[in-house]
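Q: Build me a model:
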Amino acid sequence: MDYIKVGKVTHFFDKINVAAIKVNDEPIKIGDMIRIGEFGVGIEQKIDSMQMEHQEVVEAKIGDEVGIKVISAVKAGEEVYKISE
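A: This is a model prediction of the structure:
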């Protein structure tokens, strides 16, 4: 399994469990598996939906900032990785 750096969490909205992610290094899309946070303590999940400025999007390109529903709390500044097999 490979972990490819995608970007960073810029904000976490705890009431709705959404992480704002700034995509700096590698595009991501619906269906991708991602990892947020340090190995051993972070979370891994599939991207089921993504929004940019309250609109559903299928893909986020380098430079985009998107909101992704996450399975548990994350922190601003945590690294985001795409998992490829």
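
Q: contacting residues for Lys66?
A: Just so we're on the same page, residue 66 is Val rather than Lys. 20-21, 23, 28, 50-52, 57, 60 (Cβ atoms under 8 Å, 6 or more residues apart in numbering). Backbone N, C-alpha and C define where each C-beta goes, glycine included.

Q: Could you report the separation of it from Ile28?
A: 8 Å (Cβ to Cβ, to the nearest Å).

Q: joint contacts of the two?
A: What both Val66 and Ile28 touch, as defined by Cβ under 8 Å, 6+ apart, is the set 50, 60.

Q: before we move on, the earlier item: list buried members of the contacts of Val66 by neighbour count.
A: Buried members of the contacts of Val66, scored by 16 or more other Cβ atoms under 10 Å, are 20-21, 23, 28, 50, 57, 60.

Q: Any chance of CSV for those residues, columns pLDDT?
A: Below are the buried ones among the contacts of Val66 laid out as CSV (pLDDT from 0 to 100):
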residue, pLDDT
Ala20, 98
Ile21, 98
Val23, 98
Ile28, 98
Met50, 97
Val57, 97
Ala60, 98
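
Q: Present these as TSV; the columns should include secondary structure and distance to Val6.
A: TSV is the format used below for these (DSSP: H, G, I helix; E, B strand; the rest coil; distance: Cβ to Cβ, whole Å):
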residue	secondary structure	distance to Val6
Ala20	strand	13
Ile21	strand	7
Val23	strand	6
Ile28	strand	5
Met50	strand	12
Val57	coil	15
Ala60	strand	9
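
Q: Just the closest of those to Glu44, please.
A: Ile28 (13.7 Å; Cβ to Cβ).

Q: residues in contact with that closest one?
A: 6, 34, 47, 50, 59-60, 66, 82.
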